[in-house]
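Engineer: From the sequence below, what's the structure:
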Amino acid sequence: MSHSSDTEAAVRVAVERMAQAAMDWLAVLTPAQRRKAALPFDDEERRRWYYTPTERAGLPLVEMDPIQRQRARRLLASGLSRPGYATAAAIMALEYLLDQEEGWRTDYPGRTVPTARRDPELYFFAVFGEPGGRAPWGWRIGGHHVALHYTIVDGQVVAPVPCFFGAHPAEAPLVGPGRLRPLAGEEDLARELVHALSEEQRATAVLAPAAPPDLVQANRPQVEDGALPRSLTEIFSVPLSAEQAARTRMAEARFAERLGLRPEHLEALRYTRTPKGLPAARMSAAQR
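Structural biologist: Sure, this is the predicted structure:
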């Protein structure tokens, strides 16, 4: 059997696993819960995504009973490898640490779900269309620093995107010599690459001396030429009051000042369809 055939067979098995997990989850929901969890495939909500801890369409874990939560976690695992599922679970558990860091607060802009400001059960699941069969369907999970979306057409995963993992805190102490770092591999590899570059290469690869406050494309539904990072007031899934928006802008300004981020840095980071940075052709085999 060819490598292509092996891949196609593996994808079919994965799609069947996701479809069964989605159907099994929906089957144990109440009618009221299904109205939140099951949406039409062509619903505009399918094109929205967030990586902030804000509310969104779908059914959150906090509104499920233990069996429903277990089946939701099974749906999450159906779309990931074992390392991927372990990473997602670790990131979600970081909400416990963030809750402690922020002083066990309960306030959050636009929050209607009765829960803490940070909660590992504030992750929303949604299914679009009917799982299985030939008609297009999809599913997603969204919450703080975990955003996974799958679109299936004709039994094939045509778009496993957006796919986002983040970590806050990025690092936390454990009992003994170890430390909890869910994204350690990616972070360390990126630093190793930068240190492996020559001064000339680094001058081209590093676009600005200060990092942007957030993703350059943010949570836009598609890549936009000329994009700059969005303000948190734009990224949140719910509108903020004038007072909340003003406080958010002030916090962002203080953060940019601490980073040393200036307007010319943002301009250098502006997304353009013409590639920026260091092309692979200018890297050694080891760097690539």
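Engineer: so where do the helices sit in the chain?
Structural biologist: Listed in chain order, the helices found in the chain under DSSP state H are 3-27, 31-37, 66-78, 82-101, 184-196, 199-205, 232-235, 242-259, 263-269.
Engineer: can you list the domain ranges for this structure.
Structural biologist: With automatic domain parsing as the criterion, the domains of the chain are listed as 3-165, 197-282.
Engineer: which non-adjacent residue is nearest D225?
Structural biologist: Leaving aside its chain neighbours, D225 sits nearest to R273 (5.1 Å; criterion: C-beta to C-beta, 6 or more residues apart in numbering). Just so you know, the C-beta spots here come from the backbone N, C-alpha and C atoms, and that holds for glycine as well.
Engineer: Next one, pLDDT for the one you found please.
Structural biologist: R273 carries a pLDDT value of 94.
Engineer: Surely it touches G226?
Structural biologist: No - taking contacts as C-beta atoms under 8 Å, R273 lies outside contact range of G226: 9.0 Å.
Engineer: what about the nearest residue to R74 once chain neighbours are set aside, how many neighbours?
Structural biologist: Among residues not flanking R74 along the chain, A21 sits closest, at 5.0 Å (C-beta to C-beta, 6+ apart). A21 has 21 neighbours, counted by other C-beta atoms under 10 Å.
Engineer: ok, back up a step: and the residue nearest to D225, how far from Y96?
Structural biologist: R273 is 41 Å from Y96, where distance means C-beta to C-beta, to the nearest Å.
Engineer: the more surrounded of these two?
Structural biologist: Between R273 and Y96, counted using other C-beta under 10 Å, Y96 has the larger neighbour count: 14 against 8.
Engineer: Quick one: residues contacting the residue nearest to that one when sequence neighbours are not counted.
Structural biologist: In space, and not counting its chain neighbours, Y96 is closest to P120: 6.2 Å by C-beta to C-beta, 6+ apart. Contact analysis of P120 by C-beta atoms under 8 Å, 6 or more residues apart in numbering lists L61, M92, A93, L94, E95, Y96.
Engineer: Same question for H168.
Structural biologist: Each residue near H168 by C-beta under 8 Å, 6+ apart is listed here: L94, L98, H144, H145.
Engineer: Check E267 too.
Structural biologist: For E267, the contact set (C-beta under 8 Å, 6+ apart) is empty.
Engineer: so how far is N219 from it?
Structural biologist: Going from E267 to N219 by C-beta to C-beta gives 21 Å.
Engineer: Now for this structure, the helix or strand with the poorest mean pLDDT.
Structural biologist: Using mean pLDDT, DSSP states H and E, the weakest-scoring helix or strand in the chain turns out to be helix 232-235, at a mean of 81.
Engineer: Which strands or helices does it pack on?
Structural biologist: Packing partners of helix 232-235 (3 or more C-beta pairs under 8 Å, 6 or more residues apart in numbering; DSSP states H and E): helix 242-259.
Engineer: Give me the helices and strands touching the helix it packs on, please.
Structural biologist: Judged by 3+ C-beta pairs under 8 Å, 6+ apart, helix 242-259 is in contact with helix 232-235.
Engineer: Thank you kindly, that will do.
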